[in-house]
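> Provided below for reference: sequence and predicted model.
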Amino acid sequence: MSSEVAVRAFGLGKAYPIYAQPADRLKHLLSRGRFARPRQFWAVRDVSLELLRGETVGIVGRNGSGKSTLLELISGTLEPTCGEVSVDGRVAALLGLGVGFNPEFTGRDNVRLNAAILGLGPREIERVFDQILAFADIGAFIDQPVKTYSSGMYARLAFAVAIHSVPDVLVIDEILSVGDEAFQRKCFARIEAIKARGATILFVSHTAASVLELCDRAVLLEAGVHLLTGSPRTVIALYQKLLYAPSEQAGAVLDEIAREARDPGSVVPPPGTTEAVPAEAPEPAPGDPPREPEELAFLDPFLESQSALFYEVNGAELLDPRITTTSGSPVNCLSPRGRYVFRYDVRFEKDAFDVHYHTLVKTVNGFELGGGTHPQIGELGRDVTAGCRVSVAFEFECRLNPGVYFLNCGVTGCGGQQLHRIIDAVAFRVLPDPAPTTFGHVHFGHRAVVDGEA
């Protein structure tokens, strides 16, 4: 294997026998395979890829696409049905809660056991033992059996052992999502340090922002098949398109992904260019002034909220929530710093007084980024009579960084009583910024001045 390649998989596949009924397994065994033959379920099929030394690669895909199985094959905890995989260097794998731990042993004993499994010798273990305990920070529980641990304690101890094994290849399967915010931040800071040291990092994540921020490349899996490897921006854009596509349109999206795999850059422009716009959007002629951000926004028919939750109608009903440009064109793929309008209608079935209209922006994992109320909090709302239909428009500037977000809408009246509410009424995507200057969810909008530099 080349000195620049840390992980190489070729024709990798993992199949599991699926029996029609439990008794068939015994029949198959006793008949030496002549009767009750199982069908083969391929969790991973014919995957070939190379991971270079020092790069960070994210694996994305819908549930059941084979992401975790692929990580287990690469880390050596699963034997492949076919193909081969080779890893150059020490591997530390965080594949799930309790993997490599004996539930009857104490945390202290499991640190030594897990560190030995990861390849540390007795002297190495003693040298980093106190550092592991300090990083995990689970207090007196270190002397209790790990079967009494919470999921967060499991994650803390497992990650602490893994990073102190000084891995050449670090494999992570979404285990960090169970930790609290402070611990997650500490983990990601350490991952960044491991990456700076030159280790190869491979991880599964359902959070697009993590892949875009941390990864050099991304891999897209679907039904155990390796569809695409490319820049995180390209892979995430196509993955989200597949994720939100109606079932009858999924085939067309898969064809689009196949075209991108055959001809990179054919579907999503390469890094450094403007993010994808509709095919029919005219290109600016030479000498034309640059287009405003909202002119690059467009409507992706595949991007619809799959998690909308409608509350009971209690005197008013919210209708037709949507995002438009300021000129009224419907959009859901927004350019950073463009101005847009979140609109919805409200049909009142009963008289209501002191009516207020609400909106709220949330991340994919439900974190509330901010919202608005009209009239403002503390101000008296209008009175509305039964049978009226009003149109509500919240104009806003898109100060969000690339990713998928959701908008709630609601209406209250009669002294704060909830009349109707829709959770995740609209899904929208913020497109990559051609000249990014900030990170996280919110565009910082800063202006920096530095004095005294030579």
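Good, I have the coordinates.
> Below-threshold pLDDT in the stretch 201-350 of the chain: ranges please.
The stretch 201-350 of the chain contains residues with pLDDT under 70 at 209, 265-294.
> Ala92 pairs with what?
Beta bridges link Ala92 to Leu170 when assigned by DSSP bridges.
> what about it, how many neighbours?
26 (other Cβ atoms under 10 Å). Quick note: C-beta positions are derived from backbone N, CA and C, even for glycine.
> ok, now which ones touch it?
Taking Cβ atoms under 8 Å, 6 or more residues apart in numbering, we find Ala92 in contact with Leu118, Val161, Ala162, Ile163, Ser165, Pro167, Val169, Leu170, Val171.
> Any figure for the gap between it and Tyr340?
With distances taken as Cβ to Cβ, to the nearest Å, Ala92 is found 44 Å from Tyr340.
> so can I have CSV of the contacts of Ala92 showing pLDDT, distance to Glu379 and neighbour count?
Shown next, in CSV, are the contacts of Ala92 (pLDDT from 0 to 100; distance: Cβ to Cβ, whole Å; neighbours: other Cβ atoms under 10 Å):
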residue, pLDDT, distance to Glu379, neighbour count
Leu118, 75, 60, 20
Val161, 83, 56, 28
Ala162, 80, 54, 26
Ile163, 78, 52, 22
Ser165, 78, 59, 22
Pro167, 81, 57, 21
Val169, 88, 58, 21
Leu170, 86, 53, 26
Val171, 86, 54, 26
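> Distance to Gly410 for these - can I get that in CSV?
Formatted as CSV, the contacts of Ala92 follow (distance: Cβ to Cβ, whole Å):
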residue, distance to Gly410
Leu118, 50
Val161, 46
Ala162, 44
Ile163, 44
Ser165, 50
Pro167, 48
Val169, 48
Leu170, 43
Val171, 43
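> Could you work out the most separated pair of those?
Within the contacts of Ala92, Val161 and Val169 form the most distant pair, 15.4 Å apart (Cβ to Cβ).
> Could you give me the buried positions within stretch 305-322?
For stretch 305-322, the neighbour count (16 or more other Cβ atoms under 10 Å) marks Ser305, Asn314, Gly315, Ala316, Glu317, Leu318, Pro321, Arg322 as buried.
> what kind of secondary structure is the nearest residue to Ile138 once chain neighbours are set aside in?
Spatial nearest neighbour of Ile138, chain neighbours left out: Met153 (5.1 Å); criterion: Cβ to Cβ, 6 or more residues apart in numbering. Secondary structure for Met153, judged by DSSP: H, G, I helix; E, B strand; the rest coil, is helix.
> wait, Met153 sits on Gly139?
No - distance between Met153 and Gly139: 9.6 Å, which falls outside the contact criterion (Cβ atoms under 8 Å).
> okay, the two: which has more neighbours?
It is Met153, of Met153 and Gly139, that has more neighbours when counted by other Cβ under 10 Å, with 22 against 10.
> OK, contacts around that one?
Contact analysis of Met153 by Cβ under 8 Å, 6+ apart lists Gly107, Ala136, Ile138, Phe141, Val146.
> quick one: low-confidence ranges for the stretch 51-200 of the chain?
96-100, 174-185.
> mind listing the helices for it?
Using DSSP state H, counting those that start in this stretch, the helices of the stretch 51-200 of the chain run over 67-75, 107-117, 122-136, 151-163, 181-196.
> angle of the fourth one against helix 107-117?
Relative orientation of helix 151-163 versus helix 107-117 (axes from the mean of the first three to the mean of the last three Cα atoms, to 10 degrees): 40 degrees.
> just to revisit the earlier point, quick one: which of the contacts of Met153 is nearest to His28?
Val146 (36.7 Å).
> so where do the strands sit in the stretch 251-400 of the chain?
Secondary structure of the stretch 251-400 of the chain (DSSP state E, counting those that start in this stretch): strands at 309-310, 316-325, 333-334, 339-348, 352-363, 368-374, 382-384, 389-397.
> Point out the most buried one among those strands.
The highest average neighbour count among those, using mean count of other Cβ atoms under 10 Å, belongs to strand 333-334 at a mean of 22.
> and Gln40, what does it touch?
Counted by Cβ under 8 Å, 6+ apart, Gln40 has contacts Ala15, Tyr16, Pro17, Ile18.
> which stretch of helix or strand covers the closest residue to the second one other than its chain neighbours?
Excluding its sequence neighbours, the residue lying closest to Tyr16 (Cβ to Cβ, 6+ apart) is Phe41, at 5.0 Å. Assigning secondary structure by DSSP states H and E places Phe41 in strand 39-52.
> Could you pull out the buried residues of that strand?
Buried, per 16+ other Cβ under 10 Å, within strand 39-52: Trp42, Ala43, Val44, Arg45, Val47, Leu49, Glu50, Leu51.
> Let me know the closest of these to Leu369.
Ranked by distance to Leu369 (Cβ to Cβ), the buried residues of strand 39-52 are led by Leu51 at 33.9 Å.
> ok, now which ones touch the nearest residue to the closest one once chain neighbours are set aside?
Counting by Cβ to Cβ, 6+ apart, the nearest residue to Leu51 once its immediate chain neighbours are dropped is Val7, at 4.0 Å. By Cβ under 8 Å, 6+ apart, the contact set of Val7 is Leu49, Glu50, Leu51, Ile74, Val85, Ser86, Val87, Asp88, Val169, Thr200, Leu202.
> so can I have JSON lines of those showing distance to Lys241?
Below are the contacts of Val7 laid out as JSON lines (distance: Cβ to Cβ, whole Å):
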{"residue": "Leu49", "distance to Lys241": "22"}
{"residue": "Glu50", "distance to Lys241": "26"}
{"residue": "Leu51", "distance to Lys241": "25"}
{"residue": "Ile74", "distance to Lys241": "27"}
{"residue": "Val85", "distance to Lys241": "30"}
{"residue": "Ser86", "distance to Lys241": "33"}
{"residue": "Val87", "distance to Lys241": "32"}
{"residue": "Asp88", "distance to Lys241": "35"}
{"residue": "Val169", "distance to Lys241": "30"}
{"residue": "Thr200", "distance to Lys241": "28"}
{"residue": "Leu202", "distance to Lys241": "24"}
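> tell me which of those residues is nearest to Phe428?
Ranked by distance to Phe428 (Cβ to Cβ), these are led by Leu202 at 30.3 Å.
> separation between the closest one and Ile423?
Distance from Leu202 to Ile423, counting by Cβ to Cβ: 34 Å.
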